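Asks: I would like to see how this sequence folds:
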Amino acid sequence: MLGERDIAGFVQRVAIKLIQPCQLDYERCARFALERDLAARLRHPHIVQLLDCGEGPDGELWYAMELVEGATLPVHCDQRALGLRERVGLLVDLCVAVGHAHRNSNPALRYRSHRMYWLLPMDNSS
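Replies: Presented below is the predicted three-dimensional model:
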């Protein structure tokens with residue numbers, strides 16, 4: 001889900017993860033809290049930052065993260081006609097970011113790390 005936040009006139013587009021109250025059982029609440037807490041702790045140049053979190057008026061839980069617009073990694077590589085060396089360099093960056101997340105995460109979340117929506121692709125073309 002996309003959203004905007006306005007802080008003193010500065011408007012920023014954000015990505016929002018939201019869980020509706022009808023989906024909130026104890027296990028999902030606990031997992032969401034772990035995921036949110038991990039996102040809040042991670043500081044890495046290739047991982048998006050948690051910006052805000054809370055509970056909506058109807059009890060829905062949410063958190064907002066940096067919005068990264070652009071192509072998927074394979075499309076990014078193809079659009080820039082990256083060679084093998086550049087593609088491997090991006091893969092190394094990805095592995096370093098995933099390693100950072102694993103070292104700083106709760107083991108209960110690690111098996112889901114294939115969901116790498118929180119990783120930032122780097123534009124090494126400049």
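Asks: can you give me the mean pLDDT across the longest helix along the chain?
Replies: In the chain, taking DSSP state H as the definition, the longest helix is helix 84-103. For helix 84-103, the mean per-residue pLDDT is 89.
Asks: Please enumerate the strands of this structure.
Replies: Listed in chain order, the strands of the chain (DSSP state E) span 2-7, 10-19, 50-55, 61-66.
Asks: how about low-confidence regions in this structure?
Replies: 106-126 (pLDDT under 70).
Asks: May I see the buried residues of stretch 12-29?
Replies: 14-17, 19 (16 or more other CB atoms under 10 Å). All C-beta atoms are positioned from the backbone trio N, CA, C, and that covers glycine.
Asks: Please apply the same query to stretch 29-49.
Replies: 31-32, 35-39, 42, 44, 46-48.
Asks: And the longest helix of the chain, how far out from the chain middle?
Replies: Relative to its parent chain, helix 84-103 has a centroid offset of 15 Å by CA atoms, centre = their mean, to the nearest Å.
Asks: Output the contacting helices and strands for that helix.
Replies: helix 73-79 (3 or more CB pairs under 8 Å, 6 or more residues apart in numbering; DSSP states H and E).
Asks: Check which helices and strands the helix it packs on sits against.
Replies: Going by 3+ CB pairs under 8 Å, 6+ apart, helix 73-79 lies up against helix 84-103.
Asks: Kindly export the helix it packs on (C-alpha atoms) in CSV.
Replies: Output of helix 84-103 as CSV, limited to C-alpha atoms (Å, rounded to 0.1, in the frame of the first residue of the first chain):
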residue,chain,number,x,y,z
LEU,A,84,28.3,-10.2,-15.5
ARG,A,85,30.8,-8.3,-13.3
GLU,A,86,28.2,-5.6,-12.5
ARG,A,87,25.5,-8.2,-11.9
VAL,A,88,27.7,-10.1,-9.5
GLY,A,89,28.5,-6.9,-7.7
LEU,A,90,24.8,-6.2,-7.2
LEU,A,91,24.4,-9.8,-6.0
VAL,A,92,27.3,-9.3,-3.5
ASP,A,93,25.6,-6.1,-2.2
LEU,A,94,22.3,-8.1,-1.8
CYS,A,95,24.1,-10.9,0.1
VAL,A,96,25.8,-8.4,2.4
ALA,A,97,22.4,-6.8,3.2
VAL,A,98,20.7,-10.1,3.8
GLY,A,99,23.6,-11.1,6.0
HIS,A,100,23.3,-7.9,8.0
ALA,A,101,19.6,-8.5,8.4
HIS,A,102,20.2,-12.1,9.6
ARG,A,103,22.8,-11.1,12.1
